[in-house]
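K.L.:
Compute the structure for the input listed below.
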Amino acid sequence: MAAHGDGATRLGQMLYLWRTLHRQSLDDLSAEIGTSKATLMRIEHGHMCDVETWMMVQRWLFARVGPQPRARKVER
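P.N.:
Down below sits the predicted model:
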């Protein structure tokens, strides 16, 4: 596993928020996504995982919440 990263932290925060708002346990969510409870826990705590798992979790989450808009530059 790689060290913490901004993308890992952001994905973990969004995953944790979605899970808690929908009152879903790590066990239930891991079964739904198709990965282990330990992997989801590591992601929620901001740790990186392998690319295949990262993409699987990201696709699952974005299918439910949609992509986040990027901030626009303000022209003066």
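
K.L.:
Any chance you could list what contacts whatever helix or strand residue 32 lives in?
P.N.:
Applying DSSP states H and E as the criterion places residue 32 in helix 26-33. Contacts to helix 26-33, defined as Cβ atoms under 8 Å, 6 or more residues apart in numbering, come from residues 19, 24, 36, 37, 39, 40, 41, 56, 57, 60. For the C-beta atoms, the positions are set from N, CA and C on the backbone; glycine is no exception.

K.L.:
Can you list the low-confidence ranges for this protein?
P.N.:
Applying pLDDT under 70 to the predicted model, the residue ranges of the chain that meet it are 1-5, 66-74, 76.

K.L.:
Centre-most residue in it?
P.N.:
Most central in the chain under Cα atoms, centre = their mean is residue 11, positioned 3.4 Å from the mean C-alpha point.

K.L.:
Give me the distance between residue 25 and residue 56.
P.N.:
19 Å (Cβ to Cβ, to the nearest Å).

K.L.:
scratch that, residue 22 is what I was asking about
P.N.:
Here the criterion is Cβ to Cβ. By it, residue 22 lies 18 Å from residue 56.

K.L.:
Between these two, which has more neighbouring residues?
P.N.:
When neighbours are counted by other Cβ atoms under 10 Å, residue 56 comes out ahead of the other of residue 22 and residue 56, with 16 against 10.

K.L.:
okay but that one is in contact with residue 40, surely?
P.N.:
No: at 10.8 Å, residue 56 and residue 40 do not qualify as touching, with contact defined as Cβ atoms under 8 Å.

K.L.:
Helices along this structure, start to end?
P.N.:
When assigned using DSSP state H, the helices of the chain occupy the ranges 6-21, 26-33, 37-44, 51-65.

K.L.:
Give me the contacts around the longest one.
P.N.:
Just to be clear, that refers to helix 6-21. Under the criterion Cβ under 8 Å, 6+ apart, external residues in contact with helix 6-21 comprise 2, 25-26, 29, 40, 43-48, 54, 57-58, 61, 64-65.
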